[in-house]
Each structure stands twice: as structure tokens, then as C-alpha cells.
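J.: Task: produce atomic coordinates for the following.
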Amino acid sequence: MKTTTNDPIVAEVRAARDKHAAQFGYSIKDIFKNIRARQKSSGRKYVRYPARSAAVTTTSTSVE
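T.: Below you'll find the model as predicted:
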């Protein structure tokens with residue numbers, strides 16, 4: 001399996017992501033505000049799905 005450590009495409013995507021995040025001081029809130037604003041101004045239609053509730057997990061600790 002090829003690792004992504006030396007993949008030039010992955011490196012380019014990571015560099016672009018880092019550059020974008022640096023513009024907002026790596027603030028997640030500010031990054032996503034910018035993304036939402038860019039989506040809105042693009043004129044494209046974006047699909048938004050309603051939030052789903054978290055799955056409930058149970059663990060069984062029975063001893064036989």
C-alpha cells in the first residue's frame with residue numbers, strides 16, 4: 001500500500017488547507033464562517049442534511 005507521506009497531490013492539498021487555516025488564525029469557527037460565506041456567494045446549491053442523533057452503543061460484560 002502506498003503511503004501518503006511523499007505524495008505530491010496530498011502535499012499540495014495539505015499546503016492549501018494550511019494556508020487557508022492560517023488566514024483565520026487556525027480558528028475552526030472562523031474557518032467555517034468563511035467556508036459558509038463562500039458557499040453562499042458562489043450561487044451554487046448545496047445540500048444540507050439534518051443532524052442525526054448519536055448512535056447508542058452498549059457493551060456486554062457477561063462472564064460465563
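
J.: low pLDDT regions in the chain?
T.: Per-residue confidence for the chain (pLDDT under 70) gives these ranges: 1-5, 60-64.

J.: now the helices for the protein?
T.: With DSSP state H as the criterion, the chain has helices at 8-22, 28-42.

J.: Could you name the helices and strands sitting against the last one?
T.: So that's helix 28-42. Packing partners of helix 28-42 (3 or more C-beta pairs under 8 Å, 6 or more residues apart in numbering; DSSP states H and E): helix 8-22. (Each C-beta comes from the backbone N, C-alpha and C, glycine too.)

J.: Share the number of residues neighbouring Phe24, please.
T.: Burial of Phe24 is recorded as 14 neighbouring residues (other C-beta atoms under 10 Å).

J.: got the contact list for it?
T.: Asp30, Ile31, Asn34 (C-beta atoms under 8 Å, 6 or more residues apart in numbering).

J.: Tell me the one among those nearest to Val10.
T.: Closest approach to Val10 among the contacts of Phe24 (C-beta to C-beta): Ile31, at 19.7 Å.

J.: give me the number of residues near the closest one?
T.: Ile31 has 16 neighbours, counted by other C-beta under 10 Å.

J.: How about it, nearest residue that isn't a chain neighbour?
T.: In space, and not counting its chain neighbours, Ile31 is closest to Phe24: 5.0 Å by C-beta to C-beta, 6 or more residues apart in numbering.
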